[in-house]
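Engineer: coordinates for the following, if possible.
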Amino acid sequence: MPTINIEGGGSLSCRSGCILLDALLSGNTFSESPCGGRGLCGKCRVTVLSGAVSEITPDELRLLDKEEIKQGVRLSCMTKVLGDCSIRLPKKESGHRILTGGLLPEFDRDPLKGFGIAADIGTTTIALSLLDLESGKELFSASDINPQKIYGQDVLTRISYEMEHGTKAVADLQSAVIDCMNLLISRLCNKAGISPEQILRISVAANCCMTHMLLGINAETLGRSPYQPVFTEAKTVSAAALGLKAGKDTLLYCLPQISAYLGGDITAGASACRLFEETRTVLFIDIGTNGEILLTHGGRILGCSCAAGPALEGMNISCGMRAAEGAVEDVLIHRAVTLNTIGDAPPSGLCGSGILASVRELIKGGYIKKTGAFVSCELQPEPRLLIPDGSRRKAVLCGTPEISVTQEDIRQVQLAKGAILSGFTVLLREAGISMEELDLVIVAGQFGSHLPVSSLTGIGLLPECLSDRILYAGNTSKTGAVMALLSEKERKKMEHLAKQIDHIDLVTTKGYEQIFAQCMAFPIKAKENKHE
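Structural biologist: Sure thing, here's the model as predicted:
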């Protein structure tokens with residue numbers, strides 16, 4: 001069997017002809033693969049230093065530049081291991097920015113003593129908090145990137161992994177989350193000077209797919225029509241039976257789901273924001289890989305979900321990356337280009353807020369048409385950022401390293417923006433009200449909390465008329481999990497609330513395709529087509 005030697009230490013074996021990405025995953029070795037190994041994203045780059053591997057494929061020639069190919073860079077999802085070889089893995093991103101705090105209302109707590117864990121398990125990130133059950137005080141928090149990312153950046157890619165690999169995939173996805181939670185629990189307990197055995201309760205808020213995968217329940221039914229979950233009710237299970245390091249009698253509580261794509265994280269958010277008590281007309285949006293939207297009006301709560309895609313979190317973007325050190329998080333184009341990065345480090349790519357800021361500035365500067373197409377290079381304003389990109393064009397924001405926005409990047413942002421805007425447009429229509437009648441827009445979630453109003457309205461994800469009615473609520477999924485951890489009364493409220501929300505299926509909504517197409521248009525103003 002061929003041996004794969006990894007620069008910096010470590011090796012693994014595989015059968016001859018094995019896909020390199022599969023070998024790395026089987027060996028629990030990190031490899032970025034947002035598209036799940038389908039040869040679409042071009043992110044699973046490794047450098048082959050020596051040895052026997054298959055010839056470079058036409059798709060690799062398309063996705064890699066000449067300099068990368070010269071240096072031996074390959075896409076691991078398209079490279080077969082034919083014999084012993086040595087490879088170099090890309091440097092891991094560091095200094096990830098993960099939001100753990102959020103809106104937390106007053107509520108009645110249970111009379112308890114000991115320690116508990118509140119967890120927010122998202123598609124992209126996992127955040128845990130250690131709480132003193134008696135005082136209700138959060139002692140410490142810890143977070144990390146969801147390690148399931150190696151099986152795909154979004155839930156549908158991970159579901160496809162289950163469809164293709166069966167029970168092994170179910171076990172792989174479950175163990176990835178459990179191992180991460182155990183690592184974070186250990187970190188929290190070390191900080192507090194306690195043992196994991198002293199943890200008496202664990203509550204989890206997660207989307208429907210993540211809840212299935214945490215519990216080791218095959219999520220395939222979420223990925224094919226009629227897209228029905230195996231369960232939606234709240235679940236209470238033994239933490240030890242799942243493999244979690246806690247007390248031997250510790251129970252884990254998973255918040256109830258609303259539907260296949262409105263999960264326990266949204267139940268948590270609706271509870272934390274007290275939507276069931278609202279007398280105003282309020283729109284709640286949790287922006288992430290999936291966009292979940294609730295509208296409360298006249299005593300009724302409507303909900304829908306839309307596939308915003310990973311573009312809003314920096315993935316599936318040509319120069320995209322997570323919100324880590326060196327990621328561009330804001331952009332200003334005025335006579336020159338100014339890039340602001342996380343940690344003030346040298347720019348290395350665009351995270352979600354960075355790509356939206358880039359598109360906002362390109363719209364404002366007159367580089368992009370209402371349709372999303374770049375203007376011609378000859379008609380572009382100053383500074384001249386557009387250059388030919390094959391048969392298309394791209395906007396170069398930085399030369400070393402090159403950080404650019406391609407026409408396909410614009411398209412990905414358009415699709416995400418169109419999905420979210422069309423989602424709440426349908427809810428408003430269903431409720432029989434106009435955009436102007438909204439009293440408040442609550443923006444929640446890890447990604448949404450880092451988006452300034454100027455970016456939300458600048459690309460038209462939210463209409464400009466709502467700019468003075470936007471409230472950032474933070475990580476309401478985790479704060480909802482805190483409420484469930486500390487109060488049986490709140491758990492009962494959440495279980496009742498999940499059944500009261502009316503889910504609207506956008507796909508079967510009359511005229512939805514036309515609404516979606518209209519919502520993809522960018523808000524171009526004549527006065528914004530030239531710099532001052």
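Engineer: where are the low-confidence patches of the protein?
Structural biologist: 28, 30-36, 92-101, 309-315, 446-449, 526-532 (pLDDT under 70).
Engineer: tell me where it has helices.
Structural biologist: Remark: helices assigned in the chain by DSSP state H are 20-26, 58-63, 66-70, 155-192, 208-214, 239-242, 264-272, 352-365, 407-431, 453-458, 476-486, 488-500, 512-519.
Engineer: out of those, which gets nearest to residue 346?
Structural biologist: Evaluated over the helices of the chain, closeness to residue 346 peaks at helix 352-365, with 13.9 Å, by CB to CB. For every residue, glycine as well, the C-beta is placed using N, CA and C.
Engineer: ok, back up a step: in CSV, list the helices of the chain along with mean neighbour count and distance to residue 3.
Structural biologist: Listed next are those as CSV, based on neighbours: other CB atoms under 10 Å; distance: least, CB to CB, whole Å:
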stretch, mean neighbour count, distance to residue 3
helix 20-26, 21, 10
helix 58-63, 14, 23
helix 66-70, 11, 25
helix 155-192, 18, 23
helix 208-214, 27, 32
helix 239-242, 17, 34
helix 264-272, 30, 42
helix 352-365, 27, 39
helix 407-431, 22, 38
helix 453-458, 20, 48
helix 476-486, 29, 43
helix 488-500, 17, 51
helix 512-519, 15, 50
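Engineer: distance of residue 344 from residue 336?
Structural biologist: Per CB to CB, to the nearest Å, residue 344 is found 18 Å from residue 336.
Engineer: nope, residue 362 is what I meant
Structural biologist: If you measure residue 362 against residue 336 using CB to CB, the figure is 14 Å.
Engineer: next one: residue 180
Structural biologist: 42 Å.
Engineer: again, but for residue 202
Structural biologist: In this view, residue 202 and residue 336 are 51 Å apart by CB to CB.
Engineer: who has more neighbours out of the two?
Structural biologist: Shown here are residue 202 and residue 336; by other CB atoms under 10 Å, residue 202 has more neighbours (25 against 8).
Engineer: break this protein into its domains for me.
Structural biologist: 3-88, 115-272, 275-308+419-479+505-519, 310-412+522-529 (automatic domain parsing).
Engineer: check contacts around residue 464.
Structural biologist: 457, 523 (CB atoms under 8 Å, 6 or more residues apart in numbering).
Engineer: let me redo that: residue 298
Structural biologist: Applying CB under 8 Å, 6+ apart to residue 298 gives the contacts 281, 431.
Engineer: phi first, then psi, for it.
Structural biologist: With angles defined as degrees, to the nearest 10, residue 298 sits at phi 60, psi 30.
Engineer: re earlier: which one of the domains of the chain lies closest to residue 490?
Structural biologist: Once these are compared by CB to CB, domain 115-272 is nearest, at 6.7 Å.
Engineer: please save the CA atoms from stretch 470-490 in PDB.
Structural biologist: C-alpha atoms of stretch 470-490 as PDB (Å, rounded to 0.1, in the frame of the first residue of the first chain):
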ATOM      1  CA  ILE A 470     -32.300  47.300  12.300                       C
ATOM      2  CA  LEU A 471     -31.300  45.700  15.700                       C
ATOM      3  CA  TYR A 472     -28.300  43.300  16.000                       C
ATOM      4  CA  ALA A 473     -29.100  40.500  18.500                       C
ATOM      5  CA  GLY A 474     -25.900  38.400  18.300                       C
ATOM      6  CA  ASN A 475     -25.800  34.700  18.800                       C
ATOM      7  CA  THR A 476     -29.400  34.100  19.800                       C
ATOM      8  CA  SER A 477     -29.000  30.400  19.200                       C
ATOM      9  CA  LYS A 478     -26.600  30.100  22.100                       C
ATOM     10  CA  THR A 479     -28.500  32.400  24.400                       C
ATOM     11  CA  GLY A 480     -31.700  30.400  23.700                       C
ATOM     12  CA  ALA A 481     -29.700  27.300  24.600                       C
ATOM     13  CA  VAL A 482     -28.700  29.100  27.900                       C
ATOM     14  CA  MET A 483     -32.400  29.700  28.600                       C
ATOM     15  CA  ALA A 484     -33.200  26.000  28.000                       C
ATOM     16  CA  LEU A 485     -30.400  24.900  30.200                       C
ATOM     17  CA  LEU A 486     -31.500  27.000  33.200                       C
ATOM     18  CA  SER A 487     -35.300  26.800  33.000                       C
ATOM     19  CA  GLU A 488     -37.800  24.000  32.500                       C
ATOM     20  CA  LYS A 489     -40.500  26.600  32.100                       C
ATOM     21  CA  GLU A 490     -38.500  28.100  29.100                       C
END
